[in-house]
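Participant: Please work out how this folds:
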Amino acid sequence: MNNSNNQTNTLQKKLELSEMKFKTVVETATDAIIITDQNSIIISSNSKVQEVFGYTNEDLFGQELTILMPPQYREYHRKGVERFLNTGIPKLMGHVLELEAQKKDGTIFPVELSLSYWEENGFFFFTGIIRDISQRKKTEETLKENQHFIQRIVEVSPVIISVYDVLNKESIYINQEATDILGYSLDELKIMGKGSKKIPIHPDDWEKAMEWQKKISELQDESAVELEIRVQHSNGNYRWLFTRATEFKKTGEGILKQALIVAFDNTDKKISEDRYKLLIEGVRDYAIFMLDPEGNITTWNEGAKRLKGYTEKEIIGKHFSIFYPKAALERHFPDYELEEAKKNGRFEDEGWRVRKDGTQFYARVVITAIYDKDKKLVGFSKITQDLTEKKQAQEKLSRLNIELEQRVTERTEELSQNIEELKKINTDLDNFIYTASHDLRAPVANIEGLITAIKSSEKYSEISKDMKDLLDMVDLSVEKFKHTILDLTEISRAQKSLEEANEEIDISEIIDETQFLLKDLIKSSNAIIKSKLKILKLQFSKRNFRSIIYNLLSNALKYQSPKRMPEIIIKTERVDDFVLLSIQDNGLGIEAEKIGKIFTMFQRLYTHVEGTGVGLYIVKRIVDNSGGRIEVESEKGKGSIFKVYFKI
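Facilitator: Modelled structure (predicted):
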């Protein structure tokens, strides 16, 4: 028994050492790495596992590996492990496998798995290296779709498109448009492409055709070889073709293997050099996409994205008239283009078009009607080339957008942290105010009582004048302290009232009630108060609204100018999504540099008026908590306007 325990302890220590080494090596790996015992129980995993599967290492430890598999594969896994343990034959080891895995939230996704195993003290252990290949699969699928899309466009393109094998000097691909232009079947054209002498080129053009073919084999990056040549139609007539050959594919040694040849039929009318370049100058400069019979966009290529500015997600399903300026839309020009394409098979135009950002560019457009085998219209192909925009400008704009997003994100995070810190500070301040306002009352009352007792005692008359003066000073200080405690109590009450539910209040009624409370101050100052209320009702806490009116109105009365009779105007009106309450006075006013301090607790700008400077602090707390804001406009010696915005 002791020997068995020793072996177990030794094995445990080795496992712990192995796990330490494992974590040191694999924690920085870019793939998820998992180790299981021979019972498929997870004994270790790196931090990448959480990013890939959503489980923490603690979640997975001690769990069966099948937790990471879709249900339908779990029994197969168990049987496979059992088969390996029985036979020792590692069928899947040493191979890279593509499988499906399951995240913690149940999402099924593709992975790439590499398996290995080792044996230690008669026990087997397995290591799995797992890579999430979801993005790669999406890319592969997108590539397939793009290839199908390009093939479709090539087949309906109004120009001849051919791939020429430079090494074997033969055409290995030619599109359907060649049969329409030259009258030969695809099989006949393929046979002609086996050797240049079999192509029915006009005798006068043979020499330059041979020279052109030689130049194709010497093509370099970004270069092109152009040729105007006559080729015989199946009916015996010759057709003029403008052709352009560019590099298409190289061998591993960098030798040109294939060239892309684009040819445009110019028999009926020779076009100018500008129009020629517009059609065949580099396929990458074209925006190529498909429309349904109504003109809605059904496919989108990278060139279109670069030229128009829309992503595939933004534009699929939209009508192609989105690219036209207002003047063209007013004369229904997009509809006219489609009708002409249906009538004549294709439509060509040059004109101004509009990008997503509203800027305009001058474009050449070719719209081709597409029919199925039953001659039913299935849609249109649309090829557009920009003559103004450059790729470098587009890339620069993209970089600036990314940088801006990063800066906004960083600033937002910083502001969020500041807000949380301010909330904590406010909570601490509220707790202090509550404690101070309640816990200090009793000591102050005791001191006040002692002073009263001393002054009422028979021996008070025997006390010296200096001592009596000292007691009076203490009594005055206690009185001021009592006012301070009352202010703190008011702040505490105001904080509690911030959580009161809103109700529909009568603004005029509350203003009248407040004026009644201040009637003595109004009368003694001979103040004139005018109300100009455009908004009479408001959803707000009645107590809090009364506190706002009381503090602002009492301040306007107390801080009156000695040079003139007080005049106060109270207004309400609708401003965007707010009800604006403004209280304007002609009092002392506030210096510009001190306006930012007036909402600070215990801040007083004038000392000749009784008060402690908490009223405006309370007002701002109430307004801020309700989602509104308070603003001040003031000029020293002329008066102030307090504006309170209540969120509707």
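Participant: Show the pLDDT at the residue of the chain positioned farthest from its centre.
Facilitator: What lies farthest from the middle of the chain is residue 462; by CA atoms, centre = their mean that is 82.5 Å. Reported pLDDT at residue 462 in the predicted model: 73.
Participant: Ramachandran angles for it?
Facilitator: Main-chain dihedrals, residue 462, degrees, to the nearest 10: phi -80, psi -10.
Participant: need the helices for the stretch 351-500 of the chain, in chain order.
Facilitator: Using DSSP state H, counting those that start in this stretch, the helices of the stretch 351-500 of the chain run over 391-439, 441-456, 465-497.
Participant: which ones are touching the closest residue to residue 637 other than its chain neighbours?
Facilitator: Spatial nearest neighbour of residue 637, chain neighbours left out: residue 589 (5.4 Å); criterion: CB to CB, 6 or more residues apart in numbering. Quick note: C-beta positions are derived from backbone N, CA and C, even for glycine. Counting by CB atoms under 8 Å, 6 or more residues apart in numbering, residue 589 touches 634-640.
Participant: is it fair to say residue 589 lies in a strand?
Facilitator: No - using DSSP: H, G, I helix; E, B strand; the rest coil, the assignment for residue 589 is coil, not a strand.
Participant: how far away is it from residue 537?
Facilitator: With distances taken as CB to CB, to the nearest Å, residue 589 is found 32 Å from residue 537.
Participant: for residue 136, same thing?
Facilitator: 61 Å.
Participant: same check, this time on residue 116
Facilitator: According to CB to CB, residue 116 and residue 537 sit 75 Å apart.
Participant: Also residue 377?
Facilitator: Taken as CB to CB, the span from residue 377 to residue 537 is 61 Å.
Participant: So for residue 102, what's the pLDDT?
Facilitator: Model confidence at residue 102, given as pLDDT, is 95.
Participant: okay, now the residue lying closest to it once chain neighbours are set aside: neighbour count?
Facilitator: With CB to CB, 6+ apart as the criterion, residue 102 has its nearest non-adjacent residue at 5.0 Å, and that residue is residue 70. For residue 70, the neighbour count with other CB atoms under 10 Å is 14.
Participant: list the contacts for residue 70?
Facilitator: Per CB under 8 Å, 6+ apart, neighbours of residue 70: 100-102, 108.
Participant: now residue 372
Facilitator: If you count contacts by CB under 8 Å, 6+ apart, then residue 372 has residue 378 around it.
Participant: so where's the stretch 101-250 of the chain uncertain?
Facilitator: 146-157, 193-198, 221-222 (pLDDT under 70).
Participant: Can you show me the helices along it?
Facilitator: For the stretch 101-250 of the chain, helices defined by DSSP H, counting those that start in this stretch occupy the ranges 134-156, 177-182, 186-192, 206-216.
Participant: closest one to residue 256 among the ones you listed?
Facilitator: Nearest of those to residue 256, taken as CB to CB: helix 206-216 at 8.0 Å.
Participant: Buried ones in the closest one, by neighbour count?
Facilitator: Going by neighbour count (16 or more other CB atoms under 10 Å), the buried part of helix 206-216 is 209, 212-213, 216.
Participant: Same check on stretch 54-64?
Facilitator: Quick answer for stretch 54-64 (16+ other CB under 10 Å): 55, 59-60, 64.
Participant: Same list as before, these that is, but in JSON lines and with distance to residue 85 and secondary structure included.
Facilitator: Shown next, in JSON lines, are those (distance: CB to CB, whole Å; DSSP: H, G, I helix; E, B strand; the rest coil):
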{"residue": "55", "distance to residue 85": "26", "secondary structure": "coil"}
{"residue": "59", "distance to residue 85": "26", "secondary structure": "helix"}
{"residue": "60", "distance to residue 85": "22", "secondary structure": "helix"}
{"residue": "64", "distance to residue 85": "15", "secondary structure": "strand"}
